[in-house]
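Colleague: got a predicted structure here, sequence first:
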Amino acid sequence: MRTDERFDEDGDTGDPAWASPYIDGAWGRTANPNTVDGELQNLAAFGSGLVRLSGRRRTAARLVVWLLLVSLVASLVVGILGILGVL
């Protein structure tokens, strides 16, 4: 597509598909990364990137994700125990 084909006389064609190469299909547009939609879009992009990995990179990425999940659960448990006054 040529650049001049993107715009009609009013300014744009109304088709958001050409607006950015970083569009997630679920939203059809790029979201503000400071909103919930933006965070979900970033997580979806992260997940699709992990799926494309293979070999050692995939193993390393899976290890990092598991370490993050384990540390999140551990911090939640410590926080709950701290609130209850058990520690």
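Modeller: Arrived safely.

Colleague: give the next helix or strand downstream of the helix or strand bottoming out on mean pLDDT in the chain.
Modeller: Between all helices and strands in the chain, the lowest mean by mean pLDDT, DSSP states H and E belongs to helix 36-52, at a mean of 83. Of the helices and strands lying after helix 36-52 in sequence (DSSP states H and E), the nearest is helix 55-84.

Colleague: pLDDT of that next one, averaged?
Modeller: Mean per-residue pLDDT for helix 55-84: 93.

Colleague: and that helix, what other elements does it pack with?
Modeller: The helices and strands touching helix 55-84, judged by 3 or more CB pairs under 8 Å, 6 or more residues apart in numbering; DSSP states H and E, are helix 36-52. In short, each C-beta sits where N, CA and C put it, glycine included.

Colleague: tilt between the helix it packs on and helix 55-84?
Modeller: Orientation check (axes from the mean of the first three to the mean of the last three CA atoms, to 10 degrees): helix 36-52 against helix 55-84 gives 140 degrees.

Colleague: that older thread, helices or strands next to the least confident helix or strand of the chain in the packing?
Modeller: helix 55-84.

Colleague: how close does the closest residue to Leu50 other than its chain neighbours get to Ser54?
Modeller: Once flanking residues are discounted, Leu50 sits nearest to Ala61: 5.4 Å by CB to CB, 6 or more residues apart in numbering. Between Ala61 and Ser54 the distance is 10 Å, computed by CB to CB, to the nearest Å.

Colleague: of the two, who's got more company?
Modeller: Ala61 (14 against 8; other CB atoms under 10 Å).
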